[in-house]
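>>> below are the sequence and a predicted model for it; my questions follow.
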Amino acid sequence: MATASVYSGPGFDFTNEVRNNFLTDRGIPLPKATSTGTTIVGCLFKDGIILGADTRATEGPIVADKNCEKIHYITDNIRCCGAGTAADTEFTTALISSNMELHALSTGRKPRVVTAMTMLKQMLFRYQGHIGAALVLGGVDVTGPQLFTIHPHGSTDKLPYVTMGSGSLAAMAVFEAQWKPNMERAEALDLVCAAISAGIFNDLGSGSNVDACVITASHTEMLRNFVKPNERVQKERSYTFRRGTTEWKKEEIRALVVEEDITHITGRGTEEAMDTS
Amino acid sequence: MDSLRVVPGKGDKTATVHDTTNSFGLHDTLKYGPRSLSAEVNSTGKIRDRLENWEATQDNLKLQMQRQLFGLHMPMRLMMERKIVSQNPHMPIMPQSNLHLDILMGRDETLECADFMTPASEMAQPLDIHADMEKKLRM
């Protein structure tokens, strides 16, 4: 006797899979999901964690968004930078943020960074790397400041300074040269900006401005567009046309607002009472 | 049956071209009907099988460990509770939710893709309630 499944299922529709496999076997490749080039970094300093990211989102060779936000909110004391496919990072971090809130309400305690890390790695492992999200997760909780990286297949690292994305090598070079333990806030912020700037200027996939986020035990400070090394210069000439450049022969004005007069017809005095028998 | 598998294994692809060939080595339309794509495609749905069997595999792991630790009664009681709770005396109408089952399965305090990304086919109005009732009563 077959029973209804108690499991909720994957939530995805696989009806096109046979067709896609057939086409792939025939030699027609699946369209590739566009991957964003990025530089994201995280570093530990005396009072907590600083996360940094650039702000360019690319679609192949074209810049899709000149000022996108790559530092996502997980909880008040935990933030996550995302590299890889933009949709995947946003969706994954939003889902984990919701689950963390539910978890915090259920346990009655402040959420911990390892909880978010475990949820993320279990989800990414289940999807076998098809979710292209490479994340830098950092936060300060009751156990102290923690910084993790999570790769798209689900592996994680716990390190004092991390970089991810296509500009990770440029940023890591800066970190390796200048990071030292127990830095002050200003020093650490300069280091993070230098690392992101290295990614911005030396990697094609990263660019525009530097975002930073400083997380300490007492509060979190989001520094959006902290450094703007790529501002456009003011144009020297004005290229607008003066009024009257184009001659016009006829002018016709049509009113698009319909005017209506409302007359109320009150039937109170003339109406007969309702017959309810 | 006593496996402590953590991750779903590979599902075997059952239908092949060779099942329906005639003496010429071609598909025998007269005997077996027109050609079917799902029988001829060789690549398996790896991610599909993995996702569809994920919860069942994890569940089996937990039940198997409980059987080895506490004895057969433990998984038996848990499955009995689930079965009692899944019995729904109503007609199949949309939408259906079983909070008690969610609590027993441990998903009452989490959000998963399945909670908000059901495919359009499953969200459609039930056009054939007789078929739905038949399906339900045969369970």
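Done, it's in.
>>> what is the neighbour count of residue 88?
Just going to use chain A. Residues lying near residue A:88 (other Cβ atoms under 10 Å in any protein chain shown) number 22. C-beta here means a position set from N, CA and C on the backbone, and glycine is covered the same way.
>>> try chain B instead
13.
>>> the one 10 residues further on too?
The local packing of residue B:98 (other Cβ under 10 Å) involves 14 other residues.
>>> and the gap between it and residue B:82?
The spacing between residue B:98 and residue B:82, counted by Cβ to Cβ, to the nearest Å, is 10 Å.
>>> pLDDT value on the closest residue to chain B within the stretch 151-277 of chain A, please?
Going by Cβ to the nearest Cβ, chain B is nearest to residue A:154 of the stretch 151-277 of chain A, at 11.2 Å. If you check residue A:154, the pLDDT there is 94.
>>> the residue lying closest to it once chain neighbours are set aside in helix, strand or coil?
Distances taken as Cβ to Cβ, 6 or more residues apart in numbering or on different chains put residue A:125 closest to residue A:154, at 3.1 Å, once the chain neighbours are dropped. Under DSSP: H, G, I helix; E, B strand; the rest coil, the three-state class of residue A:125 is helix.
>>> do residue A:42 as well
Applying three-state DSSP: residue A:42 is strand.
>>> and it, bridged to which residues?
Beta-bridge partners for residue A:42, by DSSP bridges, are residue A:51, residue A:162.
>>> let me see the contact set for it.
The contact partners of residue A:42, taken as Cβ atoms under 8 Å, 6 or more residues apart in numbering or on different chains, are A:49-52, A:81, A:136-138, A:147, A:149, A:161-163.
>>> I'd like those residues laid out as a markdown table, including pLDDT, neighbour count and distance to residue A:193.
A markdown table is the format used below for the contacts of residue A:42 (pLDDT from 0 to 100; neighbours: other Cβ atoms under 10 Å in any protein chain shown; distance: Cβ to Cβ, whole Å):
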| residue | pLDDT | neighbour count | distance to residue A:193 |
| --- | --- | --- | --- |
| A:49 | 96 | 27 | 15 |
| A:50 | 97 | 28 | 10 |
| A:51 | 97 | 27 | 12 |
| A:52 | 97 | 33 | 7 |
| A:81 | 95 | 31 | 14 |
| A:136 | 96 | 29 | 16 |
| A:137 | 96 | 30 | 21 |
| A:138 | 96 | 29 | 16 |
| A:147 | 97 | 24 | 17 |
| A:149 | 96 | 23 | 20 |
| A:161 | 96 | 23 | 14 |
| A:162 | 96 | 24 | 16 |
| A:163 | 96 | 29 | 13 |
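>>> dump those to a markdown table, plus distance to residue A:180.
Converted to a markdown table, those look like this (distance: Cβ to Cβ, whole Å):
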| residue | distance to residue A:180 |
| --- | --- |
| A:49 | 16 |
| A:50 | 14 |
| A:51 | 19 |
| A:52 | 17 |
| A:81 | 22 |
| A:136 | 20 |
| A:137 | 23 |
| A:138 | 18 |
| A:147 | 16 |
| A:149 | 20 |
| A:161 | 10 |
| A:162 | 16 |
| A:163 | 17 |
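>>> wait, which of those residues is closest to residue A:233?
residue A:52 (25.4 Å; Cβ to Cβ).
>>> for residue A:216, phi and psi?
Backbone torsions for residue A:216, taken as degrees, to the nearest 10, come to phi -120, psi 180.
>>> the stretch 151-277 of chain A: helices as residue ranges?
Counting by DSSP state H, counting those that start in this stretch, one finds helices in the stretch 151-277 of chain A at the ranges A:168-178, A:185-202.
>>> alright, I will stop here.
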